[in-house]
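> Turn this into a model:
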Amino acid sequence: MAMAPSSPEPSLRSLVQQGTSKRTDFPLRPTSMALLVIDIQHELTTPGEDDGGYKNKTSFPRMIANTKRLIEAVRANRDNQQVGVRQGSEVIFTYLEAHTDDSRDVSLDYKLSGALLSNLPNPTSPAKFLPGISPILGKDISLPKTSCSVFQSTNLDYILRNLNVEQLVVCGQLTDQCIESAVRDAADLGYFVTVVDDACGATSDDSHQKGLSGMKGFARILPTEQLLSELCRNNDISGIESRCLSITDNIKSASCFEECVISIPNPSEYLRQKNQGYQAAILRSLRAAGVKFLRYAVVDAFNTIRCKTVPLPHALSLLPNRTMPKSKDLPLDPLENPVSIAEVCFAGLPPHADSPVPESNLSARNVLTLQPDLSSLRILPYAPRTAMVMCTAHNQQTNATSPLCTRGLLERMLFAAKECMGLEFTVGAEIEWQLFHRETKDGIPQPVDWSTFANTTSLNEQEDFLSMLYDQLADQDIPVELLHAESAPSQLEVVLRYSTDVMQLADDIVLCRETIASCAKFHGYKALFLPKTSMTTAGNGLHLHFSFRGVESTLDNTFSDPSQPSGISLEGQSFIEGILAHLSSLLSFSLPTSNSFRRVGPGCWTGSVIGWSIEDKEFPIRVCRDLSTRAITNVEYKLADATGNIYLVLASIIAAGLDGIQNRRVLRAEASGGSESESFPTSLAESLNKLKANELLRSLLGPELMTAYVAVRESILKSEEASLEAELLDAFKKS
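A predicted model of the protein is given here:
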């Protein structure tokens, strides 16, 4: 069957209306675009000197991982085009390489920029590429360059015009140097430019942000996820409608069916607007379930849930009208029409206060948009006319994930673990709390029972409460593994099932606490997660269990290794040692209040020294065995409670453990509890001082979140004067 030629597409430049068109009016058209990868090569991208660890541990691993994804997606689109259809989706590599062995042809600027740039790879010793980021001979385009801007020292402009490329997607390094130069030149030469911010690398976060700021007026700036979504969504569907009309005309005029010239769209050309479709279905399903309100929620750095509610009818009104053209002013994805919250609310406000801490360097001047993670969407059984979705916070101008967003931080940490270290984590959680009567006695909150550890009293007397709690957690797909009474009066514990989806587990912990509090109120109680409610009884913790598996491994758990004397794999041992090495600083996140430190110490089953042991609950890092096989399964982190932001806690612990693996730290001997063991900080102030000197965790948080977090925590410490009894009463009143 003969294939009809494709209908010509109008030039994007011809569609520009002077003075009214915006860059956002021109999403990617795969047949008109090229991906430009700048200077990602062995000579420039391998680890070296790095002040603060930003480049080697954050920026470059993120850039490499995301660039690989971009290359794969663009190549797939190019290679799946049908024969005879204009290709587009070009992949172009430019890299530093001189045309002469002595580099005499490089730019004057490079000759004045030190040994590295004045002596580039050359024809005799050519540049070396990284695995997964190298040109395919005969398919991709390679251009050696000898100056900062690729447009100044190559014939890139000539090549792009021969290929009818109008849109240029740019990634690589360095954001504030070669990337910015290329973007500015491309914009002046008449290209529609998109910069993929998290696929660009720089030597510091300040340099990265400076580069992005310098390109705002010349390009769209998008994260990898949004660009890939846009590339898929707009995958050469233009022109299909007109080709379908030609099919009808040919059939009508043909003398017999066999003579029809029919052009069948390639599957890659025929992608529906999937996001719009399923989001519309979600909204209508919520309406059918009786939901009236859609709650967009985030958790700030100090563990306060902050949210805004969109009435469902308003969200439904954003759906395209079937009988009228869709307005360009309406969002393509109605659920992703973001609400916003002032930047200061993410890391500049103490819990239960609306006055910013000046030293946080945050104010109400900027707002961040909340973008929902639809996998977290739940109808709330304790508020059945409301659905809630957990969100990440994004820069309003660039749409990049905000460095103040702790959920985004955990997301990036898990991605780095998988893409850069080849590890996927499994995490479980044990949540403790106490139930109190709603009314006090002589001004003192009263526990609902006086049970002891694993006693039947609470289980019998609170069966209605526990039954409701279990059902409501099940309604939210939060799986419960175990329920039991703990040591303090009216203290209970719920064990959430071990999960390979760490982000979902973190969301589940947030929702679980909300559900516990709501069920308690329904039964006339108050649920308190306060780390310590009495100095004579046990405190309330949040214990976390970690294991992992290698992405390439056939084993489900590579934390364990029966061939090792301890039963812990070498990677598992290094993971534990990484946590121990950073434990004093980690407490700033996992024990983030003065009350938190009242819960720990000798005899409290939390540990009082920096050490580990197998199945000994008196140490902060406890290695656990399988109850049936006795094989090592996971490591428990006991020094955490519900006052900490769970996303920040998980991200920092995983980062510390990965640091141990990356540096092949040797696990210290199993602790015996003797005086030779090192004590960890006994106060939040001590831990914060350790945190401020911790290079790894400073790099993890970045300067904005680090500054704000420490400032607010230290501000709270300066104002703290309340006794434990006063703190208990205050928490009781606010619950």
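> Could you check the pLDDT of residue 11?
Looking at residue 11, its pLDDT stands at 85.
> Surely it is in contact with residue 167?
No - the criterion here is CB atoms under 8 Å, and residue 11 misses it with residue 167 at 11.3 Å. (Each C-beta comes from the backbone N, C-alpha and C, glycine too.)
> Have a look at these two and say which one is more surrounded.
Per other CB atoms under 10 Å, whichever of residue 11 and residue 167 has more neighbours is residue 167, with 23 against 11.
> Now the longest strand seen in the chain: buried residues?
In the chain, assigned by DSSP state E, the strand with the most residues is strand 423-437. The neighbour-count criterion (16 or more other CB atoms under 10 Å) identifies 423-436 as the buried residues of strand 423-437.
> Also stretch 23-40?
So, applying 16+ other CB under 10 Å, buried residues of stretch 23-40: 23, 26-40.
> quick one: which of the residues you listed sit in strands?
Short answer: the buried residues of stretch 23-40 in strands (DSSP E) are 33, 34, 35, 36, 37, 38.
> Throw the residues you listed into CSV and include distance to residue 216 and pLDDT, thanks.
Putting those into CSV (distance: CB to CB, whole Å; pLDDT from 0 to 100) gives the following:
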residue, distance to residue 216, pLDDT
33, 20, 92
34, 22, 95
35, 21, 96
36, 19, 97
37, 22, 97
38, 18, 96
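> Dump those residues to CSV, plus distance to residue 654.
Output for these, formatted as CSV (distance: CB to CB, whole Å):
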residue, distance to residue 654
33, 36
34, 37
35, 31
36, 33
37, 29
38, 31
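> Closest one to residue 287 out of the residues you listed, please.
Distance to residue 287, by CB to CB, is smallest for residue 33 among those, at 38.1 Å.
> ok, now which ones touch the nearest residue to that closest one once chain neighbours are set aside?
Nearest residue to residue 33 in three dimensions, chain neighbours excluded: residue 167, at 4.0 Å (CB to CB, 6 or more residues apart in numbering). Residues near residue 167 by CB atoms under 8 Å, 6 or more residues apart in numbering: 12, 26, 28, 29, 32, 33, 34, 191, 192, 193, 194.
> from those residues, which is closest to residue 491?
residue 194 (54.1 Å).
> Any idea how many residues pack against residue 101?
Neighbour tally, residue 101, other CB under 10 Å: 11.
> Same question for residue 139.
11.
> That one is in what secondary structure piece?
Assessed by DSSP states H and E, residue 139 sits outside every helix and strand.
> any idea how far it lies from residue 691?
The gap separating residue 139 from residue 691 is 49 Å, by CB to CB, to the nearest Å.
> thought residue 311 was touching residue 291?
No - using CB under 8 Å, residue 311 makes no contact with residue 291, being 10.2 Å away.
> Neighbour count for the two, which is higher?
Per other CB under 10 Å, whichever of residue 311 and residue 291 has more neighbours is residue 291, with 19 against 11.
> What pLDDT is listed against that one?
Looking at residue 291, its pLDDT reads 95.
> Provide a list of residues in contact with the closest residue to it other than its chain neighbours.
Closest residue to residue 291 apart from its sequence neighbours, by CB to CB, 6+ apart: residue 387 at 4.9 Å. Counting by CB under 8 Å, 6+ apart, residue 387 touches 286, 291, 293, 294, 295, 377, 378, 379, 380.
> Out of the residues you listed, which is nearest to residue 124?
residue 377 (58.5 Å).
> Contacts only, for residue 685.
714, 717.
> Kindly indicate whether residue 718 is helix, strand or coil.
helix (DSSP: H, G, I helix; E, B strand; the rest coil).
> quick revisit: just the mean pLDDT for the helix or strand harbouring the residue nearest to residue 291, thanks.
Residue 387 belongs to strand 386-395 when assigned by DSSP H and E. Averaged across strand 386-395, pLDDT comes to 94.
> Tell me the first helix or strand C-terminal of it.
That would be, after strand 386-395 and using DSSP H and E, helix 406-421.
> ok, how many other residues are close to residue 630?
10.
> Over to residue 309?
That count, for residue 309 with other CB under 10 Å as the rule, works out to 15.
> Helices along the stretch 201-350 of the chain, start to end?
Listed in chain order, the helices of the stretch 201-350 of the chain (DSSP state H, counting those that start in this stretch) span 205-215, 224-233, 240-253, 274-288, 312-317, 344-347.
> weakest of those helices by average pLDDT?
helix 240-253 (a mean of 31).
> I figured residue 388 hits residue 307, correct?
Yes - contact criterion CB under 8 Å: residue 388 and residue 307 qualify, at 7.1 Å.
> Now for these two: what residues contact both?
With CB under 8 Å, 6+ apart, residue 388 and residue 307 have common neighbours 295, 297.
> more crowded one of these two?
Shown here are residue 388 and residue 307; by other CB under 10 Å, residue 388 has more neighbours (25 against 17).
> and the closest residue to that one other than its chain neighbours, how many neighbours?
Nearest non-adjacent residue to residue 388, counting by CB to CB, 6+ apart: residue 295, 4.1 Å away. Residues near residue 295, counting by other CB under 10 Å, number 22.
> beta partners of residue 295?
residue 309, residue 388 (DSSP bridges).
> residue ranges of the helices in the stretch 1-150 of the chain, please?
Using DSSP H, counting those that start in this stretch, helices in the stretch 1-150 of the chain cover 42-45, 54, 60-79, 108-111, 115-118, 150-153.
> list the buried ones in the third one?
Neighbour-count burial for helix 60-79, counted by 16+ other CB under 10 Å, picks out 60-71, 73-75, 77-78.
> Over to the fourth one?
When neighbours are counted by 16+ other CB under 10 Å, the buried residues of helix 108-111 are found to be residue 110.
> Can you give the distance of that helix from its chain's centre?
39 Å (CA atoms, centre = their mean, to the nearest Å).
> Quick one: mean pLDDT over that helix.
Helix 108-111 comes out at a mean pLDDT of 90.
> cool, the longest one as well?
Mean per-residue pLDDT for helix 60-79: 89.
> With that, I have no additional questions.
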